[in-house]
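> predicted model and sequence below, questions to follow.
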Amino acid sequence: MVDIEKGIKAYSREGLAEFMKSAGMPAFRAKQIEQWLYQKGATSYDEMTNLSKGMREKLAEAAPLYSAEIDDRQVSCDGTRKYIVRYTDGCTAEMVAMPSGDRLTVCVSSQVGCAMACSFCATGKEGFTRNLLPGEIVEQVLIAQNDMGTRVSNVVIMGQGEPFLNYGNTLAALRFLNGKDGLNIGARHITVSTCGILDGIRAFGAEPEQFILAVSLHSAIQETRDTLMPRVKNQSLSALHRAIEEYQADCGRRVSLEYLLIKGFNDDDDHLQALIDFCEGISAHVNLLPLNNVPGSPFQPASKHRVDAFIRTLERAGVEATMRDSRGGDIAAACGQLKNQKR
């Protein structure tokens, strides 16, 4: 069986420098390798022409360069493209590329599968297989960029998996995406979405980069949220609120609160008032999400009337709110639909 942890894409930037040192190679070579992997998208050491043949052979033996491939590719009527990416150990994950004007946003996965089992999400029904390595996360962006033929401007870690349960690898990937020797995408154009892992939220606020945090809330009433998101039912909404307060005390950045509007479940006036109350004392933007079709799900999307009522009432209460445009629903590429489903 392939040992992916031995491969070069298992290393963070700091880990890459330490590996080069331990292998008796000059430290500046780590920077060159980062450029080849995460700026130029090299898929073989043979492409790294500014390294000697002997060094390339040594690297191939000590830290193999495993590359992913597109297992399936679908194109939506709105231009969105969904990819199933197959890694060298046979595991697959999905990611989505969404063009809009001169921007290209790529939604990537941080894990193969997901352990969170959210009741509205197709990925959660598939279970968890493994964490993705830093290079495997970045590789998704490179694959989309090459296939679309245009530079990626925005990245959202909102695909399969809970990124804060793979915190170290996710953060290492963010730094390759953001770094000048990598894809050089601005930190404020990179968003990480979490179900609300408290330790991860606190740690993220202490990081020096200006990455954006999105928290999947979906209800500010405890019982409703516990039903929708059973794997975080052991934490209270008050604890989540405190973690966001601590995050903002550390970094001063606004948080996006993701709220999936479900007909007859979390779209009534009581849930609306609870959401307004939750936003008190924190700087938050409420990102309302349309419910996308998931086979076997009992949930239905809220009506346009309720969506409009949420937006108006939130804004009257001083809370900025928008409705996210759903993309790629016809190819099961929209939020909550990712489950490695081929054509």
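Happy to help now that I have it.
> the residue nearest to residue 26 when sequence neighbours are not counted sits in which helix or strand?
Leaving aside its sequence neighbours, residue 26 sits nearest to residue 20 (Cβ to Cβ, 6 or more residues apart in numbering; 7.2 Å). All C-beta atoms are positioned from the backbone trio N, CA, C, and that covers glycine. Secondary structure assignment for residue 20, by DSSP states H and E: helix 13-22.
> residues in contact with that helix: which ones?
With contact meaning Cβ atoms under 8 Å, 6 or more residues apart in numbering, helix 13-22 is reached by 8, 11, 26-27, 29-30, 33-34, 62-63, 172, 175-176, 179.
> can you convert these into CSV and add a column each for neighbour count and pLDDT?
Formatted as CSV, these follow (neighbours: other Cβ atoms under 10 Å; pLDDT from 0 to 100):
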residue, neighbour count, pLDDT
8, 21, 98
11, 24, 98
26, 11, 91
27, 11, 87
29, 19, 95
30, 21, 96
33, 25, 97
34, 21, 97
62, 14, 95
63, 20, 97
172, 23, 98
175, 22, 98
176, 26, 98
179, 18, 97
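> between those residues, which is closest to residue 79?
residue 176 (26.7 Å; Cβ to Cβ).
> orientation of the helix or strand encompassing that closest one relative to helix 13-22 in degrees?
Counting by DSSP H and E, the element that carries residue 176 is helix 167-178. Counting by axes from the mean of the first three to the mean of the last three Cα atoms, to 10 degrees, helix 167-178 points 90 degrees away from the direction of helix 13-22.
> can you list contacts of helix 167-178?
Contacts for helix 167-178 (Cβ under 8 Å, 6+ apart): 11-13, 15, 34, 37-38, 110, 131-135, 137-138, 141, 155, 157, 163-164, 182-187, 190, 192, 200, 203, 207, 209, 211.
> how far does it sit from the chain's center?
11 Å (Cα atoms, centre = their mean, to the nearest Å).
> swap in stretch 235-251?
20 Å.
> cool, and stretch 192-202?
Per Cα atoms, centre = their mean, the centroid offset for stretch 192-202 relative to its chain is 12 Å.
> same thing with stretch 101-113?
7 Å.
> got the buried residues for that stretch?
104-113 (16 or more other Cβ atoms under 10 Å).
> likewise stretch 147-157?
For stretch 147-157, by 16+ other Cβ under 10 Å, it's 148, 152-157.
> what mean pLDDT does that stretch have?
Stretch 147-157 shows a mean pLDDT of 97.
> likewise for stretch 261-273?
96.
> now residue 303. Its backbone dihedrals?
phi -70, psi 160 (degrees, to the nearest 10).
> which of the contacts of helix 167-178 are buried? Put it as a ChimeraX command.
Of the contacts of helix 167-178, the buried ones can be selected in ChimeraX as follows, counting by 16+ other Cβ under 10 Å:
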select :11,12,13,34,37,38,110,131,132,133,134,135,137,138,141,155,157,163,164,182,183,185,190,192,200,203,211
